[in-house]
Every structure is written in C-alpha cells, then in structure tokens.
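> sequence-free structure coming up:
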C-alpha cells in the first residue's frame, strides 16, 4: 500500500535553533516528492519539489534532501524563526500517467518558542 | 495573477441543508483537487477533476457528496443533507499539469463548514 509517514508528529524548539523533519514513503512508482508548509487557518504553500534524480533542494532557510534508494526525505530548517511555527507536510506523487495519485503525509506540527 | 480563490470562507449550515463550496483555480490551471481537513489532522484527498471530467473520486463518500468542474466557472463541491460529521475545513488546490508533473499544487485558504 502506498504510504507516506512523517516524524516526529510534533516538535517544539527554541527560536534560532535548527531542526530536521523526516518523511519515509513506500510509494511506487515514484514521480516526485514535495514539502509544504501550512500555517494555522491557511492552505498549504509549496516549499520544495524533488524528482528521482535530485537529492537536495533549498529554499531560503529550508533544505530538503531525498534518498530515493531508501525512500526517505528530510526537511532541515536553519536558524528557526517564530514564523516557522506551522505544520510541514510531505507529499509524494505516484505513477506517471494522468491518473497518477498524490499521497499526503499527516504532517509534523512545529512550534517555535521565543 | 490571483491565487486559488475559495468561497465562502466560512459556511454555517443546519443539519439536512445543502452546502455548496466554490473554488476558482489559478488562471491557466485545468486540474483541481479537493481535500478535507479535520482539526489537528492531515489533509484527506476527496476528488481530482480535470475540466469537465472526474479523474479520481476514490476519496469521496458515495452518498451526499458530489463535485464538478464545468467548462466555464468555478469547481463546486456539493454536500447534500449535511450532518454534524461533515464539519471540517475543505481545501481546493489547482495545478496546470497532472500529478506526475513537477508542478506544485496551489492551495486556496479553504472553506470552514460548520454544521449545527
């Protein structure tokens, strides 16, 4: 069964610290992996998209990595800010046709404390 | 270029009434997705539509729920005879390409449905 598992479920860190969120998937065939940020009460916003051949991609203080062999991805946040408090969602696309599916993880809820 | 627009932002319905949720995708986007989110939970896929066609409705309850994306106008998610369990945030996303392409989904800010 195609699944996307994220850990930890929730995380609290102090402002200015770094953190890493994990995503493991069993989706096959794999098309791409995306990380989204969802602020409370808002829709998710795309942070990064990676294909099979990419193993790292950065967007400001956010750096995503992908190991397609072990089917693992991570999102590293550097020098966290209060505005980073949000849910971070890992999303994997399965298949190559127009009927391919997008599979969402349940997210990691990150809280940044001052 | 306006983002994905959803309306209304908040919708209150009594049990048994109908709820109509609208989603205008970004300009040039012909792929629309609907998701449901309960408080403190992740997004759950409901339906994927491409102009005038339902591609995947595997996440949609068999009864009372329907979705359309007509040639002209917004996509509509319709819930008939609402029950308290339908209370949730409903998010719409759009994309110019199918899921396998490397285009991000653009999300609206959701419609919060409350059934009293």
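It's in. Here the structure is a predicted model, which means the values were calculated and not measured.
> Name the residue of chain A that lies nearest to chain B.
Chain B sits closest to residue A:43 of chain A, with a gap of 3.1 Å, by CB to the nearest CB. (Glycine included, C-beta is placed from N, CA and C.)
> So that residue belongs to a helix, correct?
No. Counting by DSSP: H, G, I helix; E, B strand; the rest coil, residue A:43 falls outside a helix, being coil.
> right, and it touches residue B:89 too?
No. In this structure residue A:43 lies outside contact range of residue B:89 using CB atoms under 8 Å: 9.1 Å.
> Identify the contacts common to the two.
Taking CB atoms under 8 Å, 6 or more residues apart in numbering or on different chains as the criterion, residue A:43 and residue B:89 both touch residue B:110.
> Quick check: end-to-end length of stretch A:93-106?
Length of stretch A:93-106, first residue to last, CA to CA, to the nearest Å: 15 Å.
> Please work out the residue of chain B nearest to chain A and name it.
For chain B, CB to the nearest CB, closest residue to chain A: residue B:107, 3.1 Å.
> per-residue pLDDT, the closest residue to that residue other than its chain neighbours?
Of all residues not flanking residue B:107 in the chain, residue A:43 sits nearest, at 3.1 Å (CB to CB, 6 or more residues apart in numbering or on different chains). As summarised for this prediction, residue A:43 has a pLDDT of 94.
> Torsion angles phi and psi at residue A:43?
Main-chain torsions, residue A:43, degrees, to the nearest 10: phi -80, psi 160.
> Quick one: neighbours of it, just the number.
By other CB atoms under 10 Å in any protein chain shown, the residues close to residue A:43 number 23.
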